[in-house]
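1. Below are the sequence and a predicted model for it; my questions follow.
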Amino acid sequence: MLQAPRGRAGAALWRRAVAVRTMAGAPTVSLPELRSLLASGRARLFDVRSREEAAAGTIPGALNIPVSELESALQMEPAAFQALYSAEKPKLEDEHLIFFCQMGKRGLQAMQLARSLGYTGYGEGSQLRWGL
């Protein structure tokens, strides 16, 4: 069950998930799809905004890794990632990695960076996504 977002910024982010947009041909995720993916445990959310922005409110369950740190984070050994972020490092084959920010630019940048590092997802319909 999804919890209500924390703070005003979190509520604003949550509402933005409803809008399905495409920036530079990148896939997005709608709020109903996001809820379904999260409820089934098939998605991982990455808030790529700054720590200060995320502290003001984010989507519950999202892991905050500022886009400026993402490349080094995704290249870490799994144990180092776990120690730094208190979460399991995503695997190259993980499906439904969702990167989000305030307006979409950093989310798109994060998705492109992850793709360049080999995070492409496998299986029918799997892809890296950004939205919100």
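-> Yep, it's here.
2. Can you point out the helix or strand that includes the residue of the chain most remote from its centre?
-> Going by CA atoms, centre = their mean, the residue of the chain most distant from its centre is residue 79, 20.4 Å out. Assigned by DSSP states H and E, residue 79 falls within helix 78-85.
3. Could you do residue 54 as well?
-> Applying DSSP H and E as the criterion places residue 54 in helix 51-55.
4. Poorly predicted segments of this protein, please.
-> Residue ranges of the chain with pLDDT under 70: 1-27, 121-132.
5. helix, strand or coil for residue 46?
-> Classification of residue 46 using DSSP: H, G, I helix; E, B strand; the rest coil returns strand.
6. Would you mind measuring from residue 29 to residue 75?
-> Distance, residue 29 to residue 75, by CB to CB, to the nearest Å: 25 Å. Quick note: C-beta positions are derived from backbone N, CA and C, even for glycine.
7. okay, these two: which has more neighbours?
-> Taking neighbours as other CB atoms under 10 Å, residue 29 and residue 75 compare with residue 29 leading, 22 against 11.
8. wait, what's in contact with the closest residue in space to residue 96 that isn't next to it in sequence?
-> Using CB to CB, 6 or more residues apart in numbering and skipping the chain neighbours, the partner closest in space to residue 96 is residue 43 (4.0 Å). Residue 43 makes contacts with 29, 34, 37, 96-98, as judged by CB atoms under 8 Å, 6 or more residues apart in numbering.
9. re the thing from before, run the chain-centre distance for the following helix or strand past the helix holding residue 54.
-> Sequence order places strand 63-64 as the next helix or strand after helix 51-55, per DSSP H and E. Between the centre of strand 63-64 and the centre of its chain there are 8 Å (CA atoms, centre = their mean, to the nearest Å).
10. No more questions from me, cheers.
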